[in-house]
Each structure stands twice: as C-alpha cells, then as structure tokens.
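A.B. asks: model the following, please.
(one chain, ligands or ions: 2)
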Amino acid sequence: PKEIFLKDYKLPDYYFDTVDLSFLLGEEKTIVSAKISVVPRVDGGGFPLVLDGVDLKLISVKINGNDLKKGDFHLDTRHLILTSPPSGNFILETVTEILPQMNTSLEGLYKSSGNFCTQCEAEGFRKITFYQDRPDIMAKYTCRIEADKLLYPVLLSNGNLIEQGDLEDGKHFALWEDPFKKPCYLFALVAGQLESRDDTFTTCSGRKVSLRIWTPPEDLPKTEHAMYSLKAAMKWDEDVFGREYDLDIFNVVSVPDFNMGAMENKSLNIFNSKLVLASPETATDGDYAAILGVIGHEYFHNWTGNRVTCRDWFQLSLKEGLTVFRDQEFSSDLGSRTVKRIGDVSKLRSYQFPQDAGPMAHPVRPHSYIKMDNFYTVTVYEKGAEVVRMYKTLLGSQGFRKGTDLYFQRHDGQAVTCEDFFAAMRDANDADFANFLLWYSQAGTPVVKVTSSYNAEARTFTLKFSQTVPSTPGQPVKEPMFIPVAAGLLDSNGKDMPLSSIYSDGKLESVTCDGGPVFTTVLRFTKGEEEFVFTDVPEKPIPSLLRGYSAPIRLHSDLSDNDLFFLLAHDSDEFNRWEAGQILARKLMLSQVVNFQKDNTLVLDPQFVHGIKCILLDSNLDKEFIAKAITLPGEGEIMDMMEVADPDAVHAVRKYIRKQLASELKPELLNLVKQNSSAEQYVFDHANMARRALKNTALGYLASLEDEEITKLVLLEYKTATNMTDQFSALAAIAQKPGKARDDALADFYNKWQHDYLVVNKWFALQSSSDIPGNVENVYKLLSHQAFDFKNPNKVYSLIGGFCASPVNFHAKDGSGYKFLGEIVVQLDKLNPQVASRMVSAFSRWKRYDETRQNLAKAQLEMIVSANGLSENVYEIASKSLA
Ligand code: HT7
Ligand code: ZN
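C.D. replies: Numbering: from 1, shown residues only. Ligands and ions are numbered 1, 2, ... in the order given. The predicted model follows:
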C-alpha cells in the first residue's frame with residue numbers, strides 16, 4: 001500500500017467551480033450524473049486531470065458535451081485520468097453506476113435500515129462519483145435526487161430546497177442548492193421514510209432558521225433532547241464565539257448504521273442514532289451528556305471545518321482539535337466546568353497517552369498515512385483540543401477570542417493549515433509563542449519533573465523544571481516543548497497566597513492583574529531545564545501545579561503524600577483537588593501491585609481511607625465532583641505506568657481497594673444511597689445528574705461486598721428505578737459477581753428492552769466487558785444472539801469493543817482473548833474495514849505485556865497481516881503494531 005506524506009503536498013492543477021449532481025436511486029443500482037465546471041489553476045492548463053474513483057462503473061464521460069474517445073482517458077481501479085483535457089475552462093460530465101445496497105463499508109452512498117444515506121469524510125466521495133477527492137477543492141453544489149415516492153418520501157441534501165415535484169411511475173424528485181462553496185467530504189444525501197421534529201431558532205441578527213431532526217417515525221419522541229441541545233449550541237456559538245448560523249435551514253438525520261459518532265455535512269448533519277435518541281427510560285445521563293456534546297460539536301463545525309476547512313487531511317486537527325475544544329467548553333458552560341475537565345483529562349490519559357507511547361504514536365498533525373480513516377484518533381482530536389486550550393491559557397479569554405475572530409476574518413471560504421490558525425492567534429495578540437508549533441509536529445507525551453525549595457531568609461520559593469519528550473516511531477530525538485504551567489501557592493491554612501513577582505531567565509516580572517491580587521499565574525516553560533523563583537513569599541507554601549491541567553504532559557513533582565492530602569483537602573483549584581487524590585490513588589495502587597506480585601498481603605493505607613471519607617462527607621462539594629474524586633484510576637492508567645503491564649495484578653489490586661473502601665466506609669456509602677435516591681420525574685440538569693452519579697457510585701462500591709442486605713438493596717434499586725441511569729447502574733452493580741442474581745437480572749433486562757436496539761447494545765457491552773473469569777465463552781455465545789449483527793458498527797463496538805476493554809479477559813494468559821479478536825478482525829474486515837481497523841487497534845500495545853502474552857498477541861497480528869485480501873485500513877494498524 002502507498003504511504004502519503006505531508007511534505008509531498010502540491011496545489012491541485014485544476015479547481016472545480018460548480019458541481020451539479022443528479023442521483024437516480026434504484027433498488028438494484030443507483031445512477032450518478034455529475035456535471036463539473038473545471039478551471040485550471042495555472043493559465044492555459046492542458047495537464048492530465050486525475051480523478052479519484054473507487055467501486056464505480058463508468059457509463060460515460062464527456063468534455064464540453066463531447067464523448068471522450070478511448071485514448072483520451074485512462075481508467076484503473078482507483079482513478080479516471082483525463083490524459084489531454086482542453087486548455088482553459090471546460091465542462092466535465094460523467095455518468096456512473098454504483099451499488100449502495102451492497103455497500104457494507106458504510107462510506108460513500110449506502111443503505112441503512114431501508115434508507116439511503118452518505119458518509120463522505122474522509123475519502124468516501126470517490127465511491128459516489130469520479131472527483132478530485134481532496135479538501136482543497138471547494139465548489140458550489142446542486143443536487144437533484146429522483147426516487148420512488150412511496151419508498152423514499154423524504155429526499156434531502158445540502159443547502160436550500162429549490163424545487164420538488166412528482167414524476168411518472170410513482171417517482172418524485174427534489175433539487176437542492178448549497179450557496180456555500182464546500183469540499184466534497186461535506187456533501188450529503190439522505191432519502192427514505194423519515195419524519196421530523198420541527199422547531200425554529202432566531203439568530204442574533206433576527207433570521208429565523210428552521211430546524212428539523214429526522215428519524216424513522218417510531219423514534220421521533222426521542223429527539224426532544226437533541227433539539228434542546230441544538231438550540232443551546234446555536235445560541236452559545238453566537239454568545240461565546242460571535243458565530244451566527246448562515247442558512248435558513250438546518251437538518252439533522254439519525255441513522256442506526258454509522259461508523260463514527262456523527263458527520264457535519266453542510267446543513268445536513270448525519271448522526272449515529274446513539275447520539276441523537278434519548279428518553280429518560282432508555283438513555284443514561286452519560287448518553288444525554290454525549291448527545292449535548294456531539295450535537296454541539298457537529299453544529300460548531302459549521303464555522304470550524306465547513307466555512308474554514310482543511311487544506312489537506314494532515315491538517316485534520318485544525319478543524320477537529322478546535323471543534324472538540326469548542327464542544328468541551330460548551331458542555332462546561334452548560335454543566336460543571338470541573339467535572340467536565342476531569343472527564344476530558346481522564347479520557348486523554350486513558351486513551352491518548354497510551355497511543356502516544358505506542359507504535360501508532362503520531363503528532364497532532366501526522367506526517368504520513370496509508371489510510372486517512374486511521375487518523376481520526378484521540379491524538380488528533382483530544383490532544384489537538386489540548387493544544388487549542390493552551391492558546392487560551394496563554395492568551396486569556398479575550399486574547400483567544402481576538403485570535404479566533406481574526407482567523408475567521410482571514411480565512412472564511414478557504415482551505416487552510418494549522419500554521420494559519422497559529423498565525424491568527426499570534427498576530428491578533430502580538431504574542432510571542434516561541435516554539436509552540438512543536439505541539440503539532442512532535443509526537444509523544446512530554447515528561448516534566450519539578451522540584452521545589454523555599455528560602456525563608458530571602459522569602460523566595462523556587463520551582464525547578466526539567467522536561468523530556470520520549471522517542472516515538474520515526475522521531476528518535478525531540479526538542480523541548482513550550483509548556484504553559486498554571487501555578488498557585490497555598491499557605492499553611494490552605495488559602496491561596498497572592499503572588500507578587502516571578503524571576504526567571506534573568507528577568508523579574510511582576511504578577512498582577514489590573515492592580516488586584518493574582519492567585520494563579522501561567523509559567524512559560526520552554527527549555528529543557530528552567531527555574532522560576534517566586535518572590536515575597538512569607539512562608540513555605542505548598543505549590544498547586546498545572547492547575548486545570550494546563551498542558552497535556554505527565555508531571556512528576558516532589559510533593560510528599562502529606563502535601564497531596566493537603567491539596568486534596570484545600571486547593572482552590574478543584575481540578576487539582578481531584579488530581580491530588582488521583583496521584584495518591586495511583587501511588588497506592590502501584591505499591592499494592594508490587595505486593596500482589598510478591599504474594600504479599602494487600603494493605604490499604606488508613607490515611608487514604610480518611611482522605612476519601614472527608615471528601616464523601618464534605619457537603620460543600622459538588623456531588624458529581626465527589627463521585628469522580630472517590631473513583632479510582634482505571635486499570636489501563638495503572639498498567640500504563642508499569643515497566644511490564646500486569647493486567648491480573650492491577651485488576652486484583654483495584655478490586656481489593658474498592659472492596660476495602662466499601663467495607664470501611666459502608667455506613668457513609670449507605671447514607672449517600674439513601675439521601676440521593678431518585679424522584680419520579682427525571683430531570684436533565686447538573687444538580688440531578690450529580691445526585692444520580694453520587695448515588696450510583698456509592699451503590700457500585702457497596703455491591704462489591706459479600707453482603708446479603710446489600711444484594712437486596714441493589715436488586716431493589718434495579719426494580720424500582722424510574723430511569724435508565726439508575727436502572728443500568730444497579731444492573732451493572734449486580735453484574736459484578738457471577739451467580740443467579742446476575743443471570744436473572746440480565747435476563748430480565750433483555751426481556752424488558754429487547755425492542756430497543758440502543759438499550760440492547762448496553763446489555764451487550766455490560767456482559768462483554770465483564771471481568772468474570774473465562775468471559776470469552778459468553779462473548780462467543782453472544783455473537784450468535786439474534787440481536788447481534790456484524791454489519792452494525794454500534795453492535796460491534798458494544799460486543800467486541802466491550803470485550804477488548806476488559807483487561808483480564810482480553811489479555812487472558814491462555815491467549816483466548818487474542819484468538820477471539822484475531823478471528824473477528826479478519827471476518828469483519830471483509831464487511832467494514834474502518835470498523836475492523838478500530839478493533840485491531842486493541843492489539844497495538846502488545847509489547848507492553850510479558851513474554852507469553854507478547855508471543856500470543858504477535859501470532860494473531862501476523863495471522864491478520866497475512867490474511868488474503870486484507871484492507872489497507874487493517875494492514876496499516878496491524879503492520880505498524882508489529883514493526
Ligand atoms: N468529522 C467527522 C468525521 C467522520 C468520519 C471520519 C472517517 C470515517 C467516518 C466518519 N464519520 C464521521 C466527525 C466529527 O469529528 O465531527
Ligand atoms: Zn468533528
């Protein structure tokens with residue numbers, strides 16, 4: 001397979017000005033006609049025009065109305081090359097035949113549950129028609145759709161509906177026109193039996209926008225929350241970023257078969273139904289929050305991605321990092337900022353850090369790819385969002401807003417690069433960003449060490465930093481990065497000290513803000529080693545470092561356990577209170593892993609129990625914050641910190657600490673369950689979600705005990721739950737232990753919800769991710785369950801993805817988990833390479849395990865790489881994992 005490199009980027013030889021598409025949607029095949037006005041970039045033109053095209057049957061090709069003769073074009077399995085087009089502008093017309101009904105890859109045009117829909121990002125448009133399928137080709141589109149009226153009463157595409165009508169033979173048509181130039185990856189078409197929830201939004205300049213959320217009729221009642229989220233997002237983008245919606249219509253369509261979460265097609269967002277449909281009875285608080293975030297995310301793309309798009313796919317983080325940052329901020333403003341930040345940082349640590357330390361490590365802007373689909377990663381998205389967040393940390397809210405305003409002003413209607421975003425931030429603020437651009441080009445998570453010292457005589461407090469960036473594939477040597485470290489100092493009462501001035505790099509800078517006291521400052525750490533001296537510090541402080549997690553790094557400080565307990569109890573930065581607890585928990589877990597490996601008795605530090613108890617009982621704290629603060633770091637996070645990952649030891653230790661905490665804090669936990677029980681009415685707001693989160697976290701802890709009274713309590717919670725959040729949490733609590741109660745509850749849950757595929761997916765995931773011994777057998781059985789379907793990505797993610805997320809069973813020492821996944825990947829790859837390639841990623845960190853496991857995993861990867869007809873998607877991940 002061919003590798004594509006960023007350094008090889010070349011401007012296109014031809015631009016496309018207008019594109020008129022026409023679709024005849026049929027039951028056997030679909031005919032696509034495309035009429036494109038072509039403009040050479042350089043005067044004259046006459047160079048060959050290379051069009052991408054995959055799985056297309058070419059019916060005809062014309063230039064300026066004349067059929068091309070044999071020698072005038074060349075066709076291979078991936079291209080149509082016009083060998084000698086005329087010089088100057090010309091009109092290219094092609095007719096192609098495609099088979100959406102046979103398309104199980106879910107890219108291009110495909111059928112999902114009887115309806116037609118498209119997914120063109122990143123390179124799916126080439127499965128619809130011959131085109132220069134690259135984002136720097138921006139054109140104005142019209143789209144005419146013709147189909148049977150009874151089977152496909154609704155016909156949608158981008159932009160405005162300008163004509164529709166009935167035709168002979170029970171057919172009808174619709175003609176759509178999108179007035180905005182767009183890259184082809186934003187093209188969309190939907191046709192089917194759908195109904196809409198309608199609403200309106202009046203923009204800041206007084207334009208009335210008609211909003212429609214389309215679903216199969218039976219799902220319509222579940223779209224209320226999505227509509228609420230959409231309107232909230234439209235308002236928020238006006239208020240916070242000054243961005244107004246630009247058309248008179250905005251459509252959202254929900255489809256059950258979708259490879260990713262959703263797609264921001266211009267004015268016709270297409271969503272995985274999991275991220276649109278919700279009712280209190282069927283969706284959890286987590287689902288509600290995800291819908292809010294993703295509806296926001298896709299809407300925000302209208303400016304960050306659509307109006308201003310990417311020059312090439314290496315720039316993906318330009319739109320994704322920025323839009324993830326925007327959706328994170330949106331959710332923070334609508335809920336709890338600290339809790340949202342904790343969730344986002346946990347995600348980064350659990351998924352992005354391992355990626356950055358493994359064979360698939362790549363910079364936020366990758367240097368090369370074989371298959372672009374493989375680079376829709378946590379690095380591009382989540383680390384990319386952290387990079388955007390660092391601009392804001394350095395510039396402050398107003399400076400950041402100036403930067404985005406300039407970015408939109410300069411680049412509206414253009415396809416640009418990450419440097420263009422950087423330049424807008426810099427120029428709008430006249431800022432010195434030193435070597436900040438390295439965040440886009442260097443992979444690997446920087447490791448920062450910090451030591452502190454207090455000089456009572458000089459009243460100075462010194463922080464000494466050093467940094468290293470680990471080697472990653474293709475990047476053995478790294479340069480120091482620009483790391484913004486937000487820091488504050490606590491006095492002995494736990495209060496923030498006002499900061500006066502800081503000495504660094506031979507300069508003394510005063511830390512004030514409009515003359516008022518400042519309690520947090522951002523240190524600009526740019527070298528391999530650097531010292532920052534706080535002046536006028538009256539007593540030895542406890543430093544609170546990297547407040548709000550101001551940079552995506554691994555920080556190792558010399559803070560003692562006592563310092564950390566102090567920060568856990570007092571830090572004004574709530575994120576760092578949580579962080580102090582997590583550092584303590586990580587240390588505790590790692591120490592017990594060593595004990596476990598030496599066959600020593602496990603012990604739980606009483607000071608840790610006391611720290612957790614204080615948090616539990618602190619009525620001033622937000623309840624969701626408490627739930628997060630008493631949750632131990634995940635097993636993956638601990639394994640990530642070990643020389644050789646030991647899933648059995650980490651699992652046993654986490655389980656032991658949970659059970660021990662439950663036993664020692666049983667009365668307090670029981671109280672929390674009682675005090676926070678749910679009322680009849682489900683309300684989606686922060687206070688109610690926080691209450692449910694705390695109750696259910698407490699219940700989960702309690703259920704780890706061998707205690708009949710508790711078993712009864714959990715069963716009662718399950719039976720009397722009035723919403724899915726409570727019901728599913730109770731079910732998960734029951735399902736911790738094998739036995740009759742578990743079997744009965746799982747059977748009962750399936751009987752109740754078998755008619756709702758989204759709830760059944762939760763049921764699949766709960767079982768497949770279980771840590772009960774030998775669970776692979778149950779997962780094999782579930783593969784043949786009537787509700788399972790290999791063609792539906794959500795079901796695959798729930799059942800197979802869920803299984804790979806369970807360290808003990810996936811990494812079972814007999815290799816059964818690896819064998820299971822190896823077989824599945826090969827099978828799945830024939831249907832849907834994108835989904836198969838996501839699944840094969842579970843193998844990528846095989847070198848982190850012991851020799852026995854390494855050999856077993858490697859054998860599966862080798863088997864996969866040598867499979868016949870393997871897709872480029874899976875090949876890229878599997879071969880890079882083996883390298
Ligand atoms: N921009 C969207 C990306 C996407 C995608 C990429 C590859 C294959 C399938 C896909 N479906 C959607 C999603 C987003 O980040 O908004
Ligand atoms: Zn996105």
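
A.B. asks: contacts, neighbours, all on C-alpha from now
C.D. replies: Noted.

A.B. asks: the closest residue to ligand 1 within the stretch 601-750 of the chain sits in which helix or strand?
C.D. replies: Relative to ligand 1, the nearest point of the stretch 601-750 of the chain is F684 (24.0 Å; CA to the nearest ligand atom). For F684, there is no enclosing helix or strand under DSSP states H and E.

A.B. asks: which ones are touching the most far-flung residue of the chain relative to its centre?
C.D. replies: Relative to the centre of the chain, and counting by CA atoms, centre = their mean, the farthest-placed residue is E457 at 50.1 Å. Listed by CA atoms under 8 Å, 6 or more residues apart in numbering, the contact set of E457 is empty.

A.B. asks: tell me the secondary structure at it.
C.D. replies: For E457, the assignment made with DSSP: H, G, I helix; E, B strand; the rest coil gives coil.

A.B. asks: you'd agree the residue of the stretch 601-750 of the chain closest to ligand 1 is up against D285?
C.D. replies: Yes. Counting by CA atoms under 8 Å, F684 does reach D285; the two are 7.5 Å apart.

A.B. asks: looking at those two, which is more packed in?
C.D. replies: In this view F684 and D285 are compared by other CA atoms under 10 Å, and D285 has more residues nearby, 23 against 14.

A.B. asks: ok, and what's touching the least confident helix or strand in the chain by mean pLDDT?
C.D. replies: Of all helical and strand segments in the chain, the minimum by mean pLDDT, DSSP states H and E falls on strand 507-510, at a mean of 92. With CA under 8 Å, 6+ apart as the contact definition, strand 507-510 has outside contacts at 500-503.

A.B. asks: ok, now with 6 Å
C.D. replies: Applying CA atoms under 6 Å, 6 or more residues apart in numbering, the contact partners of strand 507-510 are 500-502.

A.B. asks: by neighbour count, which of those wins?
C.D. replies: I502 (20 neighbours).

A.B. asks: in its sheet, what does the helix or strand where that residue lies sit against?
C.D. replies: Element membership of I502, judged by DSSP H and E, is strand 501-504. Applying DSSP bridges, strand 501-504 is found paired with strand 507-510 (antiparallel), strand 529-534 (antiparallel).

A.B. asks: figure out how far that strand is from the centre of its chain.
C.D. replies: Here strand 501-504 is found 38 Å from its chain centre; the criterion is CA atoms, centre = their mean, to the nearest Å.

A.B. asks: give me the contacts around that strand.
C.D. replies: Residues contacting strand 501-504 (CA under 6 Å, 6+ apart): 508-511, 532-535.

A.B. asks: now the buried members of those.
C.D. replies: Among the contacts of strand 501-504, those classed as buried by neighbour count (16 or more other CA atoms under 10 Å) are 511, 532-535.

A.B. asks: from those residues, which is closest to L555?
C.D. replies: F532 (16.1 Å; CA to CA).

A.B. asks: contacting residues around that closest one?
C.D. replies: 462-463, 503-504.

A.B. asks: same check, this time on R389
C.D. replies: With contact set as CA under 6 Å, 6+ apart, R389 has no partners.

A.B. asks: tell me the SS of the nearest residue to Y701 once chain neighbours are set aside?
C.D. replies: What sits nearest to Y701 in space, not counting adjacent residues and going by CA to CA, 6 or more residues apart in numbering, is A662, at 5.4 Å. Look at A662: counting by three-state DSSP, its state is helix.

A.B. asks: burial count for A662?
C.D. replies: Count around A662 with other CA under 10 Å applied: 23.
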